[in-house]
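Colleague: I need the structure of the sequence given here:
(one chain, ligands or ions: 1)
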Amino acid sequence: MKVVVLTGAGISAESGVPTFRDADGLWEGHRFEDVATPEAFEAQPSVVHRFYDARRTALLAVEPNPAHVALARLEEHLGDDLLVVTQNIDDLHERGGSTRVLHMHGELRSALCTGCSGRSEWTGDLGDYPPCPRCGVVGLRPDVVWFGEVPYGMDRILAALGTADLFVSIGTSGAVYPAAGFVQYAATAGARTLELNLVPSEGTHLFDEARHGPAATLVPAWVGELLG
Ligand code: BJW
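Modeller: Sure, this is the predicted structure:
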């Protein structure tokens, strides 16, 4: 069985990573146009760096939860027949044991050089304007995908969705494209589709089945069911 799992901020919520659009989410004190667009970075790089530097630091204080661990257990059984596509820029899937993870919206622990386009592993701050370790240019930005930019790995994602038997969406509001359209793409290609989310997402009606509750409970239960 080929499975594609799409994850969003909700899967990391019980680890203590805030979501975006929920009450007390990341955007409560920010308008997304002020921090999550290339225009915002151009206009106010220090504000944007502060926002992402704080989130990078906060990663040190959180741990994967049972939902991340359950997906790693699923990978142990399915190997290359499982692809986890995450919209999250945290590293909790990897720390939970998953290795086949595609970060379509980039990664906090990576910096992108606006000079040479190189991507470098990054654990410190970017707000003190360090030079690129590859080309020396001072022009590093968070290696994340903002509105109006093209997500990473789209060819690989669409190929996996096109041959999937099962598509599962976990902890995402379905408010952001192209990820919000994956359910229709997978269903058209013949996959069964399942939503696991705290509450019905914007696209809940598009799924063959939807289960609602916390990911740290729903995901281990679903993986247990699938593995018999
Ligand atoms: C729990 C839980 C628990 C809580 N257990 N669940 C008009 C129509 C259609 C599209 C567009 C349009 N105008 C513009 C567009 C395109 C645009 C877009 O979608 N805009 C929307 C506003 C409509 N998209 C883009 O620009 C994208 N690029 C693009 O389309 O390029 C063109 C192209 C595509 C493909 C091929 C070729 C060309 C880029 C989008 C980039 C999004 N970037 C961000 C920031 C990343 C960096 C960062 O992290 O700061 O990505 S925005 C933000 O939203 C972040 C997230 O990954 C993304 C999705 O959020 P997510 O994960 O769903 O979080 P929430 O908070 O929304 O939801 C959490 C859910 O969890 C909730 O449902 C809770 O109930 C649930 N939950 N606790 C289970 N314990």
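
Colleague: and the helix or strand harbouring L194, does that touch the ligand?
Modeller: Secondary structure assignment for L194, by DSSP states H and E: strand 192-197. Yes. Applying Cβ under 6 Å from any ligand atom, one finds strand 192-197 in contact with the ligand at N197. The way it works is simple: take the backbone N, C-alpha and C, and place the C-beta from them, glycine included.

Colleague: just how off-centre is the lowest-mean-pLDDT helix or strand in the chain within its chain?
Modeller: Ranking every helix and strand in the chain by mean pLDDT, DSSP states H and E puts helix 32-35 at the bottom, with a mean of 80. Chain-centre distance of helix 32-35: 18 Å, with Cα atoms, centre = their mean, to the nearest Å.

Colleague: before we move on, what about stretch 70-90?
Modeller: Relative to its chain's centre, stretch 70-90 lies at 12 Å (Cα atoms, centre = their mean).

Colleague: ok, it near the ligand or not?
Modeller: Yes. Using Cβ under 6 Å from any ligand atom, stretch 70-90 reaches the ligand at 87, 89.

Colleague: just to revisit the earlier point, how about the strand holding L194 as CSV, C-alpha atoms only?
Modeller: Only the C-alpha atoms of strand 192-197 are listed here, as CSV (Å, rounded to 0.1, in the frame of the first residue of the first chain):
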residue,chain,number,x,y,z
ARG,A,192,-8.9,6.8,-0.5
THR,A,193,-8.7,10.0,1.6
LEU,A,194,-8.8,10.5,5.4
GLU,A,195,-8.6,13.6,7.5
LEU,A,196,-7.4,13.5,11.1
ASN,A,197,-7.8,17.0,12.7
